[in-house]
Structures are given as structure tokens and as C-alpha cells.
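**Student:** with the sequence up front, the predicted model follows.
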Amino acid sequence: MFSYWENKHFFKFDLIVIGSGFVGLSTAIHFKKKHPKAKVLVMERGIFPTGASTKNAGFACFGSLTEILDDFWSMSQDEVLALVERRYKGLNSIRKQFGDKNLGYSHVNGYELLDESQLKVIEQMAGVNKLLKPIFKEDVFSLVKNPGKMGFSGQIKAIVKNKFEGELDPGKYMSSLWNLAQREGIRILTGISVYEINKDEGIVLGEDGSGKTNLEFKGSKIAICTNAFTKKLWPESDINPGRGLILLSEPLDFKLPWKGTFHMDKGYVYFRQIDGRLLLGGARNKDFEGESSTDFTVNPKIKSHLEKLATEVIFPAKNIQWDTEWTGIMAFGKIKSPIIQQVGLKTAAAVRLGGMGVAIGWQAGKELSVLISKM
């Protein structure tokens, strides 16, 4: 049983946000800034955001050359360009809001490794640069003149440079959001698993960490920001989970011949250095079916593939010792554009970030807060 004080102060809010990742916190912050007197609650089932916000690889990117070309097969040209622009502007907006130091941001340039089978994309690079010029005002992609200096295996025949890409620390980004949410007076409640929402009446049903205590919260407005886990609360949503594996090596005992963020295989594989270690992840395209999961387990097939890339392509003939590994769960759909829409009389959602939560989470939260304010 709850006390009179608990029932009076802790179960009714003007806005309840489900999910405390980049999008959830951004939604709460933007709403609170526009409505300073509003009572805002963010609910999270885990200690940290459950999906991918604090589990991602820390790439401040908007799409490699082959990834953008691949998107043209499933999206229109206008849709692809709008998505790239949304991502790029989103990255600039968080840098402006929080500052590079608070994000751990470093503008190191991005690079994409191409093998023999991918060399034809070089012929399309000029065309892609032309399409992107209205967004970036100059060419985005160029060829690295002497790729052999980077020390990759002979399988790599060319390297494409992206002068607008950087890297950041997802933990610092999350800490910046936490600090801002705290200053705005937003309450964050962890350890609550939401199992049902009445989208028209603004009722949120959940249970505490023990699974024994049922809780009922009421909100004048509700925001669903649960990304890959949205089907549970909104079954008809176009959401497919996509698990991503990341491996982190022990500190390397040799000097790295390169600096930057790197992509391979249409953006599905990515790596960079962090604190003198190799961070390597992705490759879910090697087992799409197996990685369409919300279980935080490691796929041995993909782990083996990444380990092989590390010692055969990235650091040929080097002995790499691995320190730790983890998985994050992203959300995808028929197209990569996010879903930001009303789903009930008192409920709206911002989900399906397409693996680009760092780039578009802040802006998606802003757009959702505007939508909610108009409901």
C-alpha cells in the first residue's frame, strides 16, 4: 500500500515518457522547456537505458558512401537526402547544445574500406557528392591517395574519406542529458517495467523490479520512446529489432597507423580506437534473422566474423586480445526514417531510429515534444 503523500505526489503527471534513452530524455527536456510548470516523469525499466543509447559505438556519423548508395534501393532520392540532412543537422545541434567537451566529441574524419568487389562505387562518388552539396556546401567524400599507409591488409583496395564525420563518448552524452533533465526538474524513475498503456486515457501500468507490485500512473500526455521494444506497447508499429555486437580489445601493445572512424561492408561493420584499444562492432548482416532479437546475448557466428576481420584485415598478423563484449538493441523498419506520430488521444511515439540514435535522437525528441504539445 502507498501512503497518502505517495499517491498525491508521485503517480500523476502532465507528461509521462516511457524510455530514458536519448529520445526519451530529449522529449522530456524539450517539453519541460516549453512548459516549465509541467510535471514530467521519465520511466525506465533498467538502471541505464535498456536499448542502445549507452551501448552504441560512439560514431557521430550520417552514413558512409556505400550505405547511402544502398539506401537508394529501398528509399526515394528525396527520402535518402532528407535522412542524411536530418542526421547531420542533428549532430550539429547536440554539439551546439552541450559542447564538444561535454560530449567527448572529436572531429577525426570518417573512412570506408573498399575491397575489390566494391570498387565500382567510386564511379558514383561524384554523383553522390553533387546530391549532398546543398546540405554540406562542399564535397563530402574523397579518395585517400595512399591507402597502404594505414596498414590494412591487401584485401583493401581503396579507402573513401568522409571529412564531416567524428566520434563521441555515449556515456558523456547521456550524462549531459541527465544533468540537463535534473536542472529542468524532470523526474527519472528506474526499475519500472511498463507492460501496458491505455493510449486514449493516459494510463500507464507497470511493475517494480521485484515483479510483485503493480503500479498505475496517470499522465495528461504519454510519450512512447522505447525504440526496439515498442511492439510490446504498440503492437501494430513497423518495428523490427536489430541487435548489434561490439567487441573491445585489451590495450594494444603497438602504435596504430591510423586515426579516425572506420566503416566496412555498407556500414554494417565499424571500428575505431578508444583509450588505446580497438572497438569493433556490427556485422548483423551476416545473420539478419539471428540478430532480429531483443535478447542481449552474443551471436557466436558474428563474433567469430568480427574477430577474423580484426586479425586478417584491420591488423594483419597481429595478436588481438579481447577484454569485453556487449550488445545493444536498435530498431529498424521498411525504411530508415524515424516514426514520429500520434498513436492515441493522449499518446504519441518517437521510435525506429535506424541505428542513428546519436545523430537524430535529440531532434526526434524535439519533434515529438512539439507534437505532444499540440495534442
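**Tutor:** Structure's in. What do you need? Numbering: from 1, shown residues only.
**Student:** and stretch 108-116, end to end?
**Tutor:** With CA to CA, to the nearest Å as the measure, stretch 108-116 spans 26 Å from end to end.
**Student:** now that stretch: buried residues?
**Tutor:** 108, 110-114 (16 or more other CB atoms under 10 Å). All C-beta spots, glycine's among them, are computed from the backbone N, C-alpha and C.
**Student:** give the rounded mean pLDDT of it.
**Tutor:** Regarding stretch 108-116, the rounded mean pLDDT is 96.
**Student:** again, but for stretch 347-354
**Tutor:** pLDDT averaged over stretch 347-354 gives 96.
**Student:** stretch 113-132: which residues count as buried?
**Tutor:** 113-114, 118, 121, 125, 128-129, 131-132.
**Student:** domain parsing for this structure?
**Tutor:** 4-54+172-238+335-374, 240-332 (automatic domain parsing).
**Student:** of those, which is nearest residue 142?
**Tutor:** domain 240-332 (13.3 Å; CB to CB).
**Student:** pLDDT weak spots in the stretch 151-300 of the chain?
**Tutor:** 211-212 (pLDDT under 70).
**Student:** all strands of it, in order?
**Tutor:** 158-162, 166-167, 187-190, 193-198, 203-207, 214-224, 240-249, 261-264, 269-274, 277-282 (DSSP state E, counting those that start in this stretch).
**Student:** state the mean pLDDT of the longest helix along the chain.
**Tutor:** In the chain, taking DSSP state H as the definition, the longest helix is helix 77-98. Mean per-residue pLDDT for helix 77-98: 96.
**Student:** number the residues from 17 up from this point.
**Tutor:** Shifting the count to begin at 17 puts that one at helix 93-114.
**Student:** in that helix, which residues are buried?
**Tutor:** Result for helix 93-114 [16+ other CB under 10 Å]: buried residues 96-97, 99-100, 102-104, 106-107, 110-111, 114.
**Student:** so after that helix, what's the next helix or strand?
**Tutor:** Where DSSP states H and E defines the elements, the next helix or strand beyond helix 93-114 is helix 116-119.
**Student:** elements contacting that following helix?
**Tutor:** Helices and strands touching helix 116-119, by 3 or more CB pairs under 8 Å, 6 or more residues apart in numbering; DSSP states H and E, are helix 186-199.
**Student:** contact partners of the helix it packs on?
**Tutor:** 38, 41-42, 44-45, 48, 58, 64-65, 69-72, 74, 110, 114, 118-120, 204, 374 (CB atoms under 8 Å, 6 or more residues apart in numbering).
**Student:** does residue 349 touch residue 256 like I think?
**Tutor:** Yes: Residue 349 is within contact range of residue 256, at 6.3 Å (criterion: CB atoms under 8 Å).
**Student:** out of the buried residues of stretch 124-132, which one sits closest to residue 88?
**Tutor:** residue 128 (16.2 Å).
**Student:** before we move on, back to that, report the two of the buried residues of stretch 129-148 separated the most.
**Tutor:** Every pair of these checked by CB to CB; the farthest is 129 and 147, at 22.6 Å.
**Student:** tell me where the stretch 17-166 of the chain has helices.
**Tutor:** Assigned by DSSP state H, counting those that start in this stretch, the stretch 17-166 of the chain shows helices spanning 20-25, 38-50, 81-87, 93-114, 116-119, 138-152.
**Student:** related to what we said a few turns ago, among the domains of the chain, which is nearest residue 179?
**Tutor:** domain 256-348 (10.4 Å).
**Student:** that closest one: end-to-end distance?
**Tutor:** End-to-end for domain 256-348, by CA to CA: 5 Å.
**Student:** off-centre distance for that domain?
**Tutor:** 16 Å (CA atoms, centre = their mean, to the nearest Å).
**Student:** sec struct for residue 366, please.
**Tutor:** Assigned with DSSP: H, G, I helix; E, B strand; the rest coil, residue 366 falls in the strand class.
**Student:** if we ignore the residues flanking it in sequence, what's nearest it?
**Tutor:** residue 384 (3.9 Å; CB to CB, 6 or more residues apart in numbering).
**Student:** residue 102 too?
**Tutor:** Here the residue nearest residue 102, using CB to CB, 6+ apart, is residue 376, at 5.6 Å.
**Student:** report the angle between the strand or helix carrying the one you found and strand 230-240.
**Tutor:** Taking DSSP H and E as the definition, residue 376 sits inside helix 373-390. Going by axes from the mean of the first three to the mean of the last three CA atoms, to 10 degrees, helix 373-390 is angled at 100 degrees with respect to strand 230-240.
**Student:** which neighbouring elements make contact with helix 373-390?
**Tutor:** helix 38-50, strand 75-76, helix 93-114, strand 230-240, strand 355-360, strand 363-367.
**Student:** mind listing the strands the shortest one pairs with, and their directions?
**Tutor:** This means strand 75-76. Here strand 75-76 is paired, per DSSP bridges, with strand 182-183 (antiparallel).
**Student:** how far is the strand it pairs with from where the chain is centred?
**Tutor:** Mean-position distance between strand 182-183 and its chain equals 14 Å (CA atoms, centre = their mean).
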